[in-house]
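**Student:** Fold the following.
(one chain, ligands or ions: 1)
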Amino acid sequence: MAAQITLKRLCEMKAQGENITCLTAYDASFGRLLADAGVDVILVGDSLGMVIQGHKTTVPVTMEDMVYHSQAVAKGNEVALLMVDMPFMACPTVDLALVNATRLMQEGGAQVVKLEGSGVQLEIVTELARRSIPVCAHLGLQPQSVHKIGGYRVQGREPEAAKAMLDSAKALESAGADLLLLECVPEALAAAITAAVSVPVIGIGAGVHCDGQVLVLHDILGVTAGQVPKFSKNYLAGAESIAEAVANYVAEVRDGSFPDEAHWFS
Ligand code: KIV
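**Tutor:** Purely as a prediction, here's the structure:
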């Protein structure tokens with residue numbers, strides 16, 4: 001069996017310019033299939049609210065849902081680093097963030113917890129990091145804020161917003177974040193953030209210069225209901241099996257051919 005992927009390994013990959021591969025999964029079968037295909041990081045995303053539960057947003061997803069799906073993926077996966085989303089309002093205070101992150105690790109098997117938010121999350125990231133809880137901070141488009149921001153759109157286009165995101169990324173790294181995830185961010189800004197921090201940066205709709213890429217599993221398998229985001233790509237089209245589709249995604253991320261210009265924002 002391949003060696004377990006660790007945060008240390010992801011940092012080595014960043015240092016050596018090796019692209020990190022990440023996909024979402026929500027059950028044991030796909031946890032195993034993704035790990036067998038060489039995916040470095042499996043994200044149990046709160047996107048499960050949409051692709052598994054059929055909600056319109058991620059807002060209804062609960063801690064119970066995250067623990068349940070994380071447990072399932074953890075049973076199938078023994079190799080990839082397991083990252084799990086803190087769902088909507090799982091971090092209203094430092095104390096609750098600690099309780100909920102602990103649940104994801106102890107009950108769900110998470111090795112990294114991911115939380116949306118920028119400046120407001122600094123204290124929470126600091127306290128999680130102080131207690132050796134690995135953290136990924138999710139910047140750019142934050143789907144849990146969809147009702148506040150009024151839709152899913154590219155973030156950081158205006159110079160002030162771009163500067164604020166760069167500043168947040170640096171501050172989150174200083175607070176102890178182990179990874180950053182950038183969603184729907186112009187390619188040049190994502191490249192600047194990736195160069196400005198020493199922790200690995202995983203992008204989705206954020207261009208090819210991030211240290212790694214993540215997509216939603218259902219999008220790459222062409223089974224997403226409704227509109228598929230511009231930055232995603234159907235890897236099942238042209239493949240003979242799901243395993244081959246995932247392997248093709250892994251190969252294209254590794255060799256830098258995904259994403260291309262058609263799958264990022266300028
Ligand atoms: O929930 C999720 O799947 C995510 C990805 C879109 C990055 O956060």
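
**Student:** Now do the end-to-end distance for stretch 35-53.
**Tutor:** 24 Å (Cα to Cα, to the nearest Å).

**Student:** What parts of the stretch 1-150 of the chain come near the ligand?
**Tutor:** By Cβ under 6 Å from any ligand atom, the residues of the stretch 1-150 of the chain that approach the ligand are 24, 43, 45, 46, 47, 85. All C-beta atoms are positioned from the backbone trio N, CA, C, and that covers glycine.

**Student:** Could you rerun that using 8 Å?
**Tutor:** 24, 43, 45, 46, 47, 48, 58, 85, 114, 116, 138, 143 (Cβ under 8 Å from any ligand atom).

**Student:** Out of those residues, the closest to residue 127 would be?
**Tutor:** Checking these against residue 127 with Cβ to Cβ, the nearest one is residue 114 at 15.9 Å.

**Student:** Isn't the closest one up against residue 86?
**Tutor:** Yes - between residue 114 and residue 86 there is a contact under Cβ atoms under 8 Å: 6.7 Å.

**Student:** Looking at the two, which has the bigger crowd around it?
**Tutor:** residue 86 (29 against 24; other Cβ atoms under 10 Å).

**Student:** Surely that one and residue 97 touch.
**Tutor:** Yes - under the criterion of Cβ under 8 Å, residue 86 makes contact with residue 97 at 7.2 Å.

**Student:** Pull up the overlap in contacts between the two.
**Tutor:** Common neighbours of residue 86 and residue 97 (criterion: Cβ atoms under 8 Å, 6 or more residues apart in numbering): residue 115.

**Student:** Can you give me every residue that contacts residue 111?
**Tutor:** So residue 111 contacts 7, 81, 82, 83, 105, 134 (Cβ under 8 Å, 6+ apart).

**Student:** can you give me the helices in the stretch 151-266 of the chain?
**Tutor:** 159-175, 187-196, 217-220, 242-254 (DSSP state H, counting those that start in this stretch).

**Student:** thinking again about what came up before, taking the contacts of residue 111 one by one, which sit in helices?
**Tutor:** If you go by DSSP state H, the contacts of residue 111 have 7, 105 in helices.

**Student:** which among the contacts of residue 111 gets closest to residue 254?
**Tutor:** Using Cβ to Cβ, these come closest to residue 254 at residue 81, 16.1 Å.

**Student:** Can you name the residues that contact that closest one?
**Tutor:** 4, 5, 6, 7, 9, 10, 40, 41, 42, 111, 112.

**Student:** Tell me if I'm right that the second one and residue 35 touch.
**Tutor:** Spelled out, it's residue 5. No - between residue 5 and residue 35 there is no contact under Cβ under 8 Å: 9.0 Å.

**Student:** Give the residues shared as contacts by these two.
**Tutor:** With Cβ under 8 Å, 6+ apart as the test, residue 5 and residue 35 both reach 79, 80.

**Student:** rewinding a little: give me the buried entries from the contacts of residue 81.
**Tutor:** Buried by 16 or more other Cβ atoms under 10 Å: 5, 7, 9, 10, 40, 41, 42, 111, 112, out of the contacts of residue 81.

**Student:** what residues are up against the spatially closest residue to the fourth one that is not a sequence neighbour?
**Tutor:** Going back to what we said before, that points to residue 10. Distance criterion Cβ to Cβ, 6 or more residues apart in numbering; nearest residue to residue 10, sequence neighbours excluded, is residue 200 at 4.6 Å. By Cβ under 8 Å, 6+ apart, the contact list for residue 200 reads 10, 11, 13, 14, 20, 179, 180, 211, 212.

**Student:** quick one: the third one from residue 7, how far?
**Tutor:** The one in question is residue 13. 11 Å (Cβ to Cβ, to the nearest Å).

**Student:** do residue 27 as well
**Tutor:** In terms of Cβ to Cβ, residue 27 sits 24 Å off from residue 7.

**Student:** Next, count neighbours for the spatially closest residue to residue 84 that is not a sequence neighbour.
**Tutor:** Spatial nearest neighbour of residue 84, chain neighbours left out: residue 110 (3.8 Å); criterion: Cβ to Cβ, 6+ apart. If you count neighbours by other Cβ under 10 Å, residue 110 ends up with 28.
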